[in-house]
Structures are given as C-alpha cells and as structure tokens.
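Asker: sequence and predicted structure below; questions after.
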Amino acid sequence: MWFCAVVLGAPLIVAPPLLVRHLIDVSLPSGDQAAILRIVALIAVTTLLVLLLKAVAAYCLDRAVIQGLARLRAELFEQIQHKDLRSIYGVGVDGIFQRMTHGLTQIRTGMVQFWGELVFGVISTLVGVAVLARIDPVLVLLCISLYLPYLILKNRVFRRQDATSANWDRQLQAYSVIVQVVREAIEGIRLVKASNSASLELSKLNEAQSNYLSEFSRYLRIICQTLFLNGVITLFPEALAYLYLGWRVYSGNASIGSLLAVVGLFPQFRQFMWHFSRMTFHRDGHSAHIRRIEELRHLPEDVYERGPASTATPADGRNVEGKVSFQNVAFSFIPGHPVLENVSFTVKPGEKVGIVGVSGVGKSTLANLLVGIEKPDAGSILIDDVPLSRWSMNALRKSVAYVSQDIYLVNGTIRQNLEYGLAALPEERLWEALAAADLDELVHSFPQGLDTIIGEGGVRLSGGQRQRLSAARAYLRNPKIVILDEATASLDLESEARLYEGQEKLLGHCTVLVITHRLDSLTRMGQIILLEEGRVREQGTHRVLMEQGQSYAALFADGWR
C-alpha cells in the first residue's frame, strides 16, 4: 500500500503547477468558462489527492515500521535471555534498556525519513526536473551547479566539526549514564531517604546531564548551522531561477504560465534538498543505533543454552532424580582472583544440605553455578551423574526451584506472582503453597485475596512476606532440587520454623540446599558443607562438626548467626 501510494502520489505533485500553467497560458486567454472551471476543479482535485496519497503513504509506512520494530524488539528480548550473563553485565542494564527503547525509536525515525520523505521526494523531484527541463533546460543546469557543490562541501565541513558516528556514540553513552543515575536513585529510594542522600543523587544527575549536554551542544550547533545554510542554499537558486525566467517573460521568450509553474515546482525541490541534506547528517546517528542493536545480537551465547533442545528430558532421556555433584569446580569473576577453588562434594537425592561460611566465600556463587546462571572456569557440575552441559536448561530448570536472596516479584497480583513461569493452577494448589509458606492467613485477610496487587517489587509487603511469597512460588514448581539462598533471613525464628514445617510437607522428597547463617536451620540438615576461602574446609552433620571443634565450631563459638 505504501509503494502504491508513493508511485501514484509522487509524480502527481507536478500536476497542479502544470495545470496552473495551462490555466494561465491557454484557458484564460480563450475565455472558455467551462474549460476554466474544469482546470480549476482539476487543480483542486489533484492537490487534495496528493495530500491524501501522502497521508496514506505515511500511515502505511509508519505502521509497517512499527510492526517490524516490535518484532525486532521481541526477538532481541528473547535473544538476551540466552546470552552469557557476564557479557550482559558488560553492556549494562541501562545500556540494554536504552538500545531497546530509545535506540529503536531513533531507528524508526530514520526509516520513516528515508523510505517516506526521501523516497517520495526523489520520485517527485525527478518528475519535476523533467518538467523543468521542458520549460527551460538552463533552469536545470542552474540548480545542479548550485545544489550539488553545496551538498558535497557541507558534508565535508561537518565531518571536520566531529559530526561523525563517534560523536553519536559519545552522546548515547552519556545519555545511558543519565538513565542509570535515575534508575539507581529510584530503585534505592529507601536508602536515599534513610541516609538523607537526595542532594548526593541530585549532584550525580547534574554531572551526568552536564556531560550529556556538552556532547549534545556540538550536535545542536551543527543542526542550527544546517538550518541556516539550507535556507540560504534553497532560496538562492530559487531567486536566480525566478529572475532568469522573469527576464525571459519580460523579453517575450517565455510565458507567465511557465513562470508560475516553476514557482509551483520549486517548493518541492526545496523540500527535497532539505530532507536530503538532513539525511546525510543523520546517517551516522541512525547507523550508530543500528550498530548498537547489532552488538546486542552478537553477544556470546550462554554455553548452556547451546545444549540439547529437548524441553522435557535431558540429553539421555532421563528425568531429574536430584543427585548433585561438584567435581573440582573453580570459578572467578576477575581472572587471578578465584571465588571458588577445587570445590568437590556430592548430595544424594532427597538429602537436605546446609552450605555455610562467612560472607564472600562463594555460597551464592555456588548456587548460581548449579542452576546454570554462571559457568565454572574449571571442573564439572553433574546432575544425576550427567554433566550440566548435557542437560536441556529448559528441562533442568523446570525441576529446580531457586529462592534467591535477591527476591524478584512482578508488579501484579499475588496469583500472578505465584503462577510466574507456570500455567494457570487450581486455587487449591495456590492456597496449599501459601499455607506451606505460612502466608495463607495474611492473604485471606486481604479483601481481594489472591488478586491483591502487591506493587512493584512487592512494595506493599514486608521483607519477610516477600520471602515467604517467593518460597510459595518455588513450591508450586514441583521441583526435584530446591536451593534456598538466605530465604529466611527476614523471618523471626518462629516464622522460620513454621516455614520449614510446611516445606517438609511439600518438599520432603526433594534435594534441598540451604544457604543460611541460622544455627537452628543447620541442625535440621542431614549434611553441612563449610566453605572457607573458596574451598570446602569441613563436611558432615552439625553434631559431628561441632564435636570436631574446628572452623565450624569456632564460628558458633564466636556468636556467628
């Protein structure tokens, strides 16, 4: 539809000026009123038809571009879920957000400018030049001799003023910093208020905006220069053309209708020059956004995402039973500074294991390695004696429930949070999971019950309530392996005891790994693994380790909780 509207509408732009020429030179001198009215009507109809076809073309193009970019955004969003986590952190959350929102919007603007304004202008201008050549070839030579050198020289001058893709990259990076400062301040609004640091955040924002404005000012200066120069270069040849053709009319070598036809054609030439000049400048800006999108597409994939494609069973066709083995696993975020070294242990199916150690010894990293969020630098992780790389992540993660200390809740209802990542479930199962998490009485007390909206990040719930809701969500997955990373840190001892009692009812058959500092929690474990300096220092039951009187016993003797 866009193509048809352009093909019909662009050549039709020259019709009104030609009809005006015919009206002045032929119809009016003839005195035929019927012919005059027909020409006037044709002028009105063609003018309105051009406007209509331009509107149709703009609508069809914009809608097609928006639909295409929506598909691209969805494709990018899906691809990012399968990219390597470290490479995602390298780009940054705000960098990804800026590219998938503002960046795609700028690409849309560029596509609409090129395919809409410029292509429409090219066709109509070529037809107009052909008409102009028939009126007087000298007019065409006059325009070419002035317009062409201007376009060449202007591009070179602006290049010297740093109107390049490098300038656009610096602008985009500076803009990402503004987004980052605002996002961090809003996400950490409680800390900002509690520490009375609003002025500090404001100064960070002002600094980020100052850096952005310094980069943007160069762009703005070039834009203003372009406005002035474009105005001069479009009016100057137009004035010369009018003087030349006016002189020919005065000398009797051209008609007044020809002069008026040229007057009607030049606004189209002026508009084309304006769009063409702007396009040559914005080309680097649009290509910078496209390049940044392509960088996201070419981020390295998560090594586990390249595993078997099955969504129900692992590579060898077996279901998850729950055995977990770490064999000489090593991992580091920064080369030369290991977080884990030669970590080896085995957890039997259905066994309850506590993982303990002081902060920073790699307990949460160990959990991330088990669910495939991170990949070990050396060694192997096996589930049911099958290396993690041989499992389909889709299949494995359906059988693993991970309750992280960084609780993620969607801005929706309790029901939506419980069913997150799952198909719709019967209400009986939802209430059963809430009861196991010691949250059913609270939800019953809400007027909307399961359909109560908890706000962004669960802001309408307390820290302990958010942890229990996250635990209830994990129970509903019917997992074979459960990882609880400080999942009871915000609960009192009584609430924690009730949570573990409910957990035993629903997850008694599961392999459970509990990362915790709570002594009462550890006494429930069948096995305890103590991490120290990134290594497994002690392993055994709570009673055995206390009797040995080594590092584990010393932690409790020092009042560690």
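Answerer: Arrived safely, thanks for sending.

Asker: CA atoms for contacts and neighbours, from now on please.
Answerer: OK.

Asker: break this structure down into its domains, please.
Answerer: 2-161+221-297, 313-557 (automatic domain parsing).

Asker: need these in a markdown table (columns: distance to Gly188).
Answerer: Conversion of those to a markdown table gives the following (distance: least, CA to CA, whole Å):
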| stretch | distance to Gly188 |
| --- | --- |
| domain 2-161+221-297 | 15 |
| domain 313-557 | 12 |
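
Asker: reformat those as TSV; add mean neighbour count.
Answerer: As requested, those are exported to TSV (neighbours: other CA atoms under 10 Å):
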stretch	mean neighbour count
domain 2-161+221-297	17
domain 313-557	18
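
Asker: take those and lay them out in CSV including distance to Lys204 and mean pLDDT.
Answerer: Converted to CSV, the domains of the chain look like this (distance: least, CA to CA, whole Å; pLDDT from 0 to 100):
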stretch, distance to Lys204, mean pLDDT
domain 2-161+221-297, 16, 85
domain 313-557, 25, 82
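
Asker: Tyr304 is nearest to which of those domains?
Answerer: Of all the domains of the chain, domain 313-557 sits nearest to Tyr304, with 5.6 Å by CA to CA.

Asker: go ahead and confirm Asp169 touches Ser287.
Answerer: No: Asp169 is not in contact with Ser287 according to CA atoms under 8 Å; the separation is 10.1 Å.

Asker: residues contacting Glu419?
Answerer: Contact analysis of Glu419 by CA atoms under 8 Å, 6 or more residues apart in numbering lists Leu425, Arg473, Leu476.

Asker: now do the contacts for Val263.
Answerer: So Val263 contacts Pro17, Tyr242 (CA under 8 Å, 6+ apart).

Asker: please, which helix or strand holds it?
Answerer: Using DSSP states H and E, Val263 sits in helix 256-297.

Asker: how far away from the center of its chain is that helix?
Answerer: Offset of helix 256-297 from its chain centre (CA atoms, centre = their mean, to the nearest Å): 29 Å.

Asker: cool, stretch 521-541 as well?
Answerer: For stretch 521-541, the distance to the chain centre is 41 Å (CA atoms, centre = their mean).

Asker: contacts for that stretch next, please.
Answerer: For stretch 521-541, the external contacting residues (CA under 8 Å, 6+ apart) are 338-344, 351-358, 361-363, 516, 542, 545, 551-552.

Asker: would you mind measuring the gap between the ends of it?
Answerer: Distance across stretch 521-541, first residue to last, is 12 Å (CA to CA, to the nearest Å).

Asker: what of stretch 25-41?
Answerer: Using CA to CA, one end of stretch 25-41 lies 17 Å from the other.

Asker: pull the residues that contact it.
Answerer: Counting by CA under 8 Å, 6+ apart, Leu19, Val20, Leu23, Ser255, Ile256, Gly257 sit against stretch 25-41.

Asker: same question, stretch 121-141
Answerer: Contacts with stretch 121-141, where a contact means CA under 8 Å, 6+ apart, come from 7, 10-14, 241, 258, 262, 265, 268-269, 271-272.

Asker: can you state the direction angle for the biggest helix by length in the chain and helix 256-297?
Answerer: Taking DSSP state H as the criterion, the chain has its longest helix at helix 198-250. Angle of helix 198-250 versus helix 256-297, following axes from the mean of the first three to the mean of the last three CA atoms, to 10 degrees, is 150 degrees.

Asker: check contacts around Ala553.
Answerer: Per CA under 8 Å, 6+ apart, neighbours of Ala553: Leu545, Met546, Glu547.

Asker: looking at the contacts of stretch 25-41, which is nearest Gly449?
Answerer: Leu19 (72.3 Å).

Asker: on that earlier part again, the contacts of Ala553 in helices, which ones?
Answerer: Per DSSP H, the subset of the contacts of Ala553 in helices is Leu545, Met546, Glu547.

Asker: I'd like the contacts of Glu419 as TSV, with distance to Glu295 and secondary structure appended.
Answerer: Below are the contacts of Glu419 laid out as TSV (distance: CA to CA, whole Å; DSSP: H, G, I helix; E, B strand; the rest coil):
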residue	distance to Glu295	secondary structure
Leu425	39	coil
Arg473	35	helix
Leu476	38	coil
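
Asker: which among those residues gets closest to Asp377?
Answerer: Arg473 (31.5 Å).

Asker: for the helix or strand harbouring Val514, packing partners?
Answerer: Using DSSP H and E, the element containing Val514 is strand 511-515. Helices and strands touching strand 511-515, by 3 or more CA pairs under 8 Å, 6 or more residues apart in numbering; DSSP states H and E, are strand 352-356, strand 481-485.

Asker: what comes into contact with that strand?
Answerer: Outside strand 511-515, the residues that touch it by CA under 8 Å, 6+ apart are 322-323, 347-356, 363-364, 480-487.

Asker: closest one of the contacts of Glu419 to Ile222?
Answerer: Minimum distance to Ile222 across the contacts of Glu419 is 55.1 Å, recorded for Arg473 (CA to CA).

Asker: can you pull the contacts of that closest one?
Answerer: By CA under 8 Å, 6+ apart, Arg473 lies in contact with Asn417, Leu418, Glu419, Tyr420, Ala433.

Asker: need the max-distance pair from the residues you listed.
Answerer: Tyr420 and Ala433 (13.6 Å).

Asker: now do the same for Ala423: helix, strand or coil?
Answerer: Under DSSP: H, G, I helix; E, B strand; the rest coil, Ala423 falls in the coil class.

Asker: would you turn the helices and strands packed on strand 511-515 into CSV with distance to Val127?
Answerer: Shown next, in CSV, are the helices and strands packed on strand 511-515 (distance: least, CA to CA, whole Å):
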stretch, distance to Val127
strand 352-356, 78
strand 481-485, 71
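
Asker: so which of these comes closest to Asp406?
Answerer: Asp406 lies closest, by CA to CA, to one member of these: strand 481-485, at 8.8 Å.

Asker: are we agreed that Leu382 is in a helix?
Answerer: No: under the criterion used here (three-state DSSP), Leu382 is strand, not part of a helix.

Asker: that one pairs with what?
Answerer: Beta bridges link Leu382 to Ser325, Pro387, judged by DSSP bridges.

Asker: check contacts around it.
Answerer: Neighbouring residues of Leu382 by CA under 8 Å, 6+ apart: Lys323, Val324, Ser325, Phe326, Leu388.
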